[in-house]
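>>> Pasting the sequence and the predicted coordinates here, then a few questions.
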Amino acid sequence: MVTVLEKGRISSLHLTATIAVFIIGTSVLLPPARDAKQSEWLAVSAGMIMGLLYNAMYVMLAVQFPGRIPIEYNDIIFGRYLGKAISALQLWFAFHLGSLVLRNISEFFVSIMPETPIIAFAVLMMLVCASAARNGIETIADCGPLIMLICFLTLFFDISLGMKDIKVSNYLPLLNMSLNKFFRESYGAASFPFAETVIFLMIFPFVKKREELMTSTLKGVFLGGAFLILEIIRNIGVLGQIEDIYTYPTFEAVRLIDVANIVTRLEIAISGVFILTAFMKLSALFYVTVLGSAHLLKMRSYLPLVLPVGSMMILLSLINFDNVVENIEFAARIYPVYSFPFELLIPMISLLVAKFRRLSINKLSSE
Amino acid sequence: MLQFLRRKIQFLGRKIRHSKGVSPEHAKEKVSPFSGNLSRDLEEVKSVLGFSKDLIIKEFFIEARQKIKAAILMIDGMIDKKDVDEQILRPLILNPCLSKIDERADSQDLAAYIEYNVLTAADIKKTPSMEAAVDGILSGDTVLLLDGFPKAFIISTRGWETRSISEPETDPVVRGPREGFVETLRINTAMLRRKIKDSNLTIEQMRLGRKTKTDICIAYLKNVANPELVNEVKNRLQRVDVDSVLESGYLEEYIEDSPFSIFPTVGISEKPDVIAAKVLEGRVAVMTDGTPIVLTVPLLFVEAFQSADDYYSRPYYSSLVRLLRFGAFLVSILLPAIYISVTTFHQELIPTALLYTMAAAREGTPFPAFIEAMMMGAVFEILREASVRMPRPTGQAVSIVGALVIGQSAVTAGLIGAPMVIIVAVTAIASFVTPNLLDVGTLLRAYFSVLSAAMGLFGIMIGLIGLLIHLVTIRSFGVPFLSPIAPMIFRDLKDVILRVPMWLMAARPRSIEMRDSVRQEFLLMPGEDDEKEPDKKRDA
Amino acid sequence: MKKNLILLCIILAVLLNSSGCWNQRELNTIAIAAGIGIDVEKSGTHKKIKLTAQIVRPARLSASSGEQKGGSSSQVLVLDSTGDTVFDAVRNFTMLSSRKLFFPHNQVIVIGEEAARDGVRPLLDFFVRDHENRGRVWLLVCRGKAGDILRAKAGQEEIPALGIAQLEEAGAAASRTRPMRLHEFVNNLLSKTTSPAVSNIELVKQEDKKAVKLSGSAFFKDGKLAGFLDETESRGLLWVEGKVKSGIIAVSSPDSGEKLSLEIIRATSKVIPHLKDGSVSVDVVIKEEGNLGDEMCGYDITSPVKLSIIEKRQSEVIKKEVEAAIKKARECKADIFGFGEAVQKKYPVEWKSMERDWQEIFPEIEIKVAIQAKIRRVGMTVKPLEPE
């Protein structure tokens, strides 16, 4: 039983906030669908709608096996050996995603403090995330609403202060691309960040009110998506064509805010949002990785795994890419394909098999 | 990390206890009863008390024929001599009826007669145990012994010089009651009762401290406070098997949830109105004899930002002040760190005109900003400590010297940049806004300064997240310390960031689980009497 | 678990201690750049970048408030450095200056004429790419060497670069030049058709000292300086862009030919492209509101009819200015107004075929200018200072 490993329970509100912040994390730093240029916000909106469908599927799967994490029911769905292999793959996805998040946020800080070695950022960041994760899901989720509130307040001030720099003509011409490309970009946006919430399959069992799972999850995806889309709309409006050439457009857009030479240099606020949301995302990913691994290895507690998995995640984040160009290439081209089996294929097959063969929790307990 | 340490220490403690074979329960001392022979008993008591010179023993006969000898024992200075005289000695010696008692009368009858008919004192107990009698003597009671009767009367005559009720020096208010608790427990409980005249106000008493035998009272509202909480408080207090309890601070350290946290998880106050308000919110108060400081549990982080004044003044300004306090706390812990990081890492964040001024001030100063901040911080702490410990008149001299030396000379001599002096001054003033977090603030200031000197604003943010995780993790008697912020309880925020009008605070804060969360009828807004529906009791 | 704890402490200690020198720089170890000038030096085929940096000397600033140190010495230090690339030249400053050049507070970038004619794209890449630089910096072009501009006095400011920045901001009051920030310029540079214009700055003599003055604008074509607009043409450009914030329009009186001046209060513009039978035409609609500022002609404006005559003349002046700018743009085949962008936004499909030849198409398109000028107020007097 997974309850042996985690005793905490989270409320629907906290789940919503955690999902919203999870989605904002790093995607506000490196907005998806950059190739869609001035229609990026449209592509991301379409991606969000796809993401909502994805998440509905995840919740349906979770409802099929209440109180259980995928590591447990994979064995039922796919059989003992294949199930274990798929569990391992899913854990790898969370682990790898965690290392990517760690790399991205560290890379961002290195780009503004270039003389500091990246490992310093990675280690400190990992440290706080690991300490949050080892305190359990309650700690992570409790931070959710507060961080979400901070994010939305920052967004409000950012956008209202940057409003006067927005040029409406920057949004035109709308949808100036082939449908194929638009779909590709939207799918990219769905795979990062919206469908990354697939790892919440391991967190859903800890939600107190199971009947509110669907609404609170979709609400979270919507809130996170709305935040992201608003930021992107602002970026395009303020930056125009150069939105495309900056690595961190949100950061650059906020940098341009200047109200009477006094309210200026606000990038500090937005870097705060970057790091807070990345913290949330990384701790959730890390938590899922250690919890799942402990379960897969039939351990009684996941605490012994925190240090080794944390160190491995730092190492992987360092060797993931040699340089930023590889990172961008991976995010734009490879990631949508790479994430496909984890985000769509496995959950979908699980759901279909479970529904079709009427597998459920009863079957599990009879084993 | 802290949890680990805690577990380790608990483990060690258990090991030691086992190895010494001491059970956690305080081993009961053997009970020695009174013999009934007065002179022997008196000798016994004297020797138990080590022939202390402040023990007063008056022997006398309680009837004219001088058949029955009696003695009263008390400690000089701890009794009210007038009470002893009027309620014990006078009735016993001068009562004409006593002499009419049949001399064959059993000592039991005599004792009963004395208890019911003679002694005019209100609080009389009988005990066969010498230990109890000695305890009574030491607590300021008078013990009456009768020859031939193997029990002692313990008559409450406590009365010693006490400080009169005065305005407490901590948390002064502009509007609101000026009285504060005193060092005597009974007076304190009475002050609380005077605030809450409800039959449900329960005051339970226990004694802690093997040597000090300090009286402890637990006060709560029976129908509001969560019974689990009350039990938990009692259990934790009973665990405290220590030598001495001289101040409630001794207890605090034994009953708090997170002994390794720098944050206090037990609230303190010396104002009866504050304690009454907390008890009315479903908290449990722990009063200790000998100190005006009363503990309340559970404590929430946000209580540090609430002041009694907030509730007595009108809500608008109070709400503004609330926000100000949060801001001041953040300023007091972060400002030096932010200064260090923007001047040594992120000069691009300083507005241009300000940068020129700051650069000009920094020109020629010998120390890096971090060292400057640490030095000035240390000097400030020394000054503060000196002015607290010094006798009042000297204290003023200290602050004048400090202000002159630091504010003027250091800058003129070019040792310290002028901005740093301003930063330290602002920080210091801001830290006084939340007096309950003064010590925490100092520690956090150093923590953030170090982090910012190492990693700039990234360090500060990591530090803030670390702090957030810590705050989210700690509990105070099962209640998340940071609630209602995390976990977020929206309806409780009305008394956190803002202080909404009283008539909107119909429900007690949800953060503390309780039996009865309804404080008053909803919709008591003045002028809306017509709309008031008596049965519209919201909340559950 | 104990081991973990020790390990953690070691990691923290190492991190915190060793990081002492990363990225750390005290305020008194940086040279705050206030203005940067870019020139090229050519010796034969070899081309070198010459940067001129105007560096603030904080010590002098503080002295000015107290006792005056050193008398006449300036509050800025101007240094030159050369290198193969811009960044190379930036780094070469470290051999001249005891402190490292610090860019985030840079106010202006002045590009010398020669360097600008060679193309600004390579010169500006550093200022966009490097994290220390900010997009809000003002971009100017000067006739002659940028180094000389940074050595001259500018306005009342003790730091000339700050003075230039304020001239740019105040330049809006006269609307005789096109103030341009780096991010906006780069945005236009990324467009295939638009020829962005920036302020032009030049040296003048004031009180026997060299000083600077904003004078008209310079425009770029394909990232290279293509020409200069005089003050009238600059305002013509601003009218079309709707960027005229303030300024004076001098109108000759219908009676005497003497001038009276109208202050521009607000102005907006609309650019509406049309595509008919493959030929492009652009409607420019400018709405302007002004107040009567002064009159040197004794013209009586008490009747609405008389006022409307002035309004009409006002429109004519504006129209003339706009047409002057259009004429210049057509001559140089430079789309300084961004008409191409406007067409692209309205007709994205047809644009694709035009994009390549826009340089040729632009001078040929029909541009209709419609001005709606109004006079709202006439000041505190309603009659001229003349006996009736």
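Cool, got the structure.
>>> Going by C-alpha atoms from here, please, whenever you check contacts or count neighbours.
Noted.
>>> Can you show me the strands along the chain?
This is for chain A. Assigned by DSSP state E, chain A shows strands spanning A:258-259, A:263-264.
>>> I was after chain B.
Under DSSP E, chain B gives strands at B:55-61, B:69-75, B:124-127, B:142-146, B:152-155, B:201-208, B:214-221, B:267-269, B:284-288, B:294-297, B:475-476, B:479-480.
>>> Backbone dihedrals for the residue of the stretch 151-300 of chain B found nearest chain C, please?
Using CA to the nearest CA, the single residue of the stretch 151-300 of chain B nearest to chain C is B:Phe260, 14.9 Å away. Per-residue torsions, B:Phe260: phi -90, psi 0 (degrees, to the nearest 10).
>>> number of nearby residues for it?
14 (other CA atoms under 10 Å in any protein chain shown).
>>> Show the backbone phi and psi for the residue of the stretch 151-300 of chain C found nearest chain A.
Proximity of the stretch 151-300 of chain C to chain A (CA to the nearest CA) peaks at C:Asn187, 5.4 Å away. Dihedral angles of C:Asn187 (phi, psi; degrees, to the nearest 10) stand at phi -60, psi -40.
>>> now swap in the one 5 residues further on and tell me
The main-chain torsion angles of C:Lys192 are listed as degrees, to the nearest 10 and equal phi -80, psi -20.
>>> Figure out which of the strands of chain A is closest to chain C.
strand A:258-259 (8.5 Å).
>>> Around chain C, which positions in chain A sit nearby?
Proximity of chain A to chain C, by CA under 8 Å from any CA of the partner chain, involves residues A:111-116, A:120, A:169, A:172-173, A:176, A:239-242, A:255-256, A:307.
>>> picking up where we left off before, distance of the residue of the stretch 151-300 of chain B closest to chain C relative to C:Leu162?
53 Å (CA to CA, to the nearest Å).
>>> before we move on, what about C:Ser215?
Distance from C:Ser215 to C:Leu162, by CA to CA: 18 Å.
>>> so what's B:Ala121 closest to, chain neighbours aside?
Closest residue to B:Ala121 apart from its sequence neighbours, by CA to CA, 6 or more residues apart in numbering or on different chains: B:Gln87 at 5.1 Å.
>>> In contact with that neighbour, which residues?
Residues near B:Gln87 by CA atoms under 8 Å, 6 or more residues apart in numbering or on different chains: B:Leu119, B:Thr120, B:Ala121.
>>> Please tell me the pLDDT value assigned to the second one.
At B:Thr120, the predicted lDDT confidence score is 82.
>>> Residue 52: neighbour count?
Chain wasn't specified; assuming chain A. As a burial measure, A:Leu52 scores 22 neighbours (other CA under 10 Å).
>>> meant chain C actually
C:Thr52 has 29 nearby residues by other CA under 10 Å.
>>> Tell me the secondary structure at it.
strand (DSSP: H, G, I helix; E, B strand; the rest coil).
>>> And it, how far from C:Ile30?
From C:Thr52 over to C:Ile30 (counting by CA to CA), the distance is 17 Å.
>>> residues contacting residue 173?
Just going to use chain A. Contact analysis of A:Pro173 by CA under 8 Å, 6+ apart lists A:Gln38, C:Gln344, C:Lys345, C:Lys346, C:Pro348.
>>> ah, no, chain C please
C:Lys245, C:Ser246, C:Gly247.
>>> of the residues you listed, closest to chain B?
Distance to chain B across these (CA to the nearest CA) is lowest for C:Lys245, with 25.6 Å.
>>> Report the separation between the residue nearest to A:Lys37 when sequence neighbours are not counted and B:Val143.
Nearest residue to A:Lys37 in three dimensions, chain neighbours excluded: A:Asp244, at 6.5 Å (CA to CA, 6+ apart). Distance of A:Asp244 to B:Val143, given as CA to CA: 92 Å.
>>> Neighbour count: the two, which is higher?
B:Val143 (26 against 17).
>>> and the spatially closest residue to that one that is not a sequence neighbour, how many neighbours?
If the residues on either side of it in the chain are set aside, B:Val143 comes closest to B:Ile154, at 4.6 Å by CA to CA, 6+ apart. Using other CA under 10 Å, B:Ile154 is surrounded by 25 other residues.
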